[in-house]
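> Here's a sequence, model it:
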Amino acid sequence: MLWQTNDTHDLAQAVYDEGWGAAAAKLARHTRTVVHLKPDLFVVADRIQSLDGRPHRSDAIFHLDAAGVQVDGLTV
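Residues are numbered from 1 along each chain as shown. Next comes the predicted model:
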């Protein structure tokens with residue numbers, strides 16, 4: 001896990017590789033990095049690394065609970 005903060009940005013990074021599904025199969029490692037470029041820009045980057053040598057598919061679903069949120073292409 002990584003955490004940095006200063007006057008211009010915050011950065012957090014963590015890894016999940018404990019496994020998925022009922023058998024907790026360790027097929028991939030998920031690393032998420034979140035950067036807050038102060039005061040109003042957030043960047044979320046996900047990296048999925050195969051641990052079994054096979055391709056994997058992932059879906060990202062973000063739940064926003066904020067009044068007035070608008071989506072315009074890749075901009076929220």
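
> mind checking the SS state of H63?
Look at H63: counting by DSSP: H, G, I helix; E, B strand; the rest coil, its state is coil.

> Setting aside sequence neighbours, what's the nearest residue to M1?
A14 (4.9 Å; Cβ to Cβ, 6 or more residues apart in numbering). C-beta here means a position set from N, CA and C on the backbone, and glycine is covered the same way.

> Please, which helix or strand holds that neighbour?
strand 9-16 (DSSP states H and E).

> residue contacts, the residue nearest to M1?
Listed by Cβ atoms under 8 Å, 6 or more residues apart in numbering, the contact set of A14 reads 1-2, 31-32.

> where do the strands sit along the chain?
Secondary structure of the chain (DSSP state E): strands at 2-5, 9-16, 28-37, 41-50.

> closest to D72 among the contacts of A14?
Nearest to D72 among these is R32, at 23.8 Å by Cβ to Cβ.

> what's the neighbour count on the closest one?
Neighbour count for R32, taken as other Cβ atoms under 10 Å: 15.

> before we move on, the earlier item: pick the one among the contacts of A14 closest to L64.
Among the contacts of A14, and counting by Cβ to Cβ, the member closest to L64 is R32, at 16.7 Å.

> what residues are up against the residue nearest to Q4 when sequence neighbours are not counted?
Of all residues not flanking Q4 in the chain, L11 sits nearest, at 4.4 Å (Cβ to Cβ, 6+ apart). Shown in contact with L11 (Cβ under 8 Å, 6+ apart): 2-5, 33-36.
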